[in-house]
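>>> okay, here's the prediction I keep looking at, along with the sequence it came from:
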Amino acid sequence: MSATKAKRGRRAANRGPKRLPRGANGGIELLLIHNVEFLGKQGDVVSVRPGYAKNYLLPQGLATIASDHHKRMVEKHREKLREIERSRVSQLQSFADELAKQSVTIEANANDEGHLYGSVGPADVSAALKKIDFNVTPDQVKLAGPLKELGLYTVKIHVAAEVDAELKVWVVPSVAGDDDAPASAE
């Protein structure tokens, strides 16, 4: 019985490795499990050279054989991801619409001509928005440059990759610096 097992083992060894399916261009057709730089994103079906497939992509677990079953599963997964992305974008768009309805006032020290002693930057705009319960980071505030004069400015808030909002920002002189200002007219 051991001789029969040995023959089977030799026959299996002589057959060689299992053949990988060839794509239209003659390369090995694989389905990417993870993003691979310079090759494709997760879920893409790619055609690569046999050595790249056998020696890198398959052993590292970055890709699998592109069977019809795997392609169907990836398509179902992509559809779910698209639906999640659509709902996320609609939520971000409603947040941006609500943000665009707001205006914030920032007090700053200024001289008589209206020039600020310092400047108003993204951190100041972000802090003013946090006071009215809008959580916006300074990185999301896009200014053409620092605000150095009193006045009304339109500031772009970058909510997400495809969602932006415009916010009205009033830069006014600080009340503490106006001790010598005349009283209001009667």
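Yep, it's here. Numbers count the residues shown, from 1 in each chain.

>>> next, the closest residue to residue 111 other than its chain neighbours: secondary structure please.
Using C-beta to C-beta, 6 or more residues apart in numbering and skipping the chain neighbours, the partner closest in space to residue 111 is residue 117 (7.1 Å). No exception for glycine: its C-beta is placed from N, CA and C like everyone else's. Under DSSP: H, G, I helix; E, B strand; the rest coil, residue 117 falls in the strand class.

>>> can you report how many residues neighbour residue 117?
Using other C-beta atoms under 10 Å, residue 117 is surrounded by 11 other residues.

>>> do the same with residue 98
Neighbour tally, residue 98, other C-beta under 10 Å: 11.

>>> what does the one 3 residues further on give?
Other residues lying near residue 101 total 9 when counted by other C-beta under 10 Å.

>>> could you measure from it over to residue 130?
Residue 101 is 17 Å from residue 130, where distance means C-beta to C-beta, to the nearest Å.

>>> please parse this protein into its domains.
Split into domains by automatic domain parsing, the chain comes to 2-73, 97-175.

>>> now do the same end-to-end measure for the longest one.
Right, the one you point to is domain 97-175. 31 Å (C-alpha to C-alpha, to the nearest Å).

>>> what about it, average pLDDT?
In this model, domain 97-175 carries a mean pLDDT of 92.

>>> quick thing: my sequence starts at 53, can you match it?
I'll keep to 53 as the first residue from here, and by that count the last item is domain 149-227.

>>> many thanks, have a good one.
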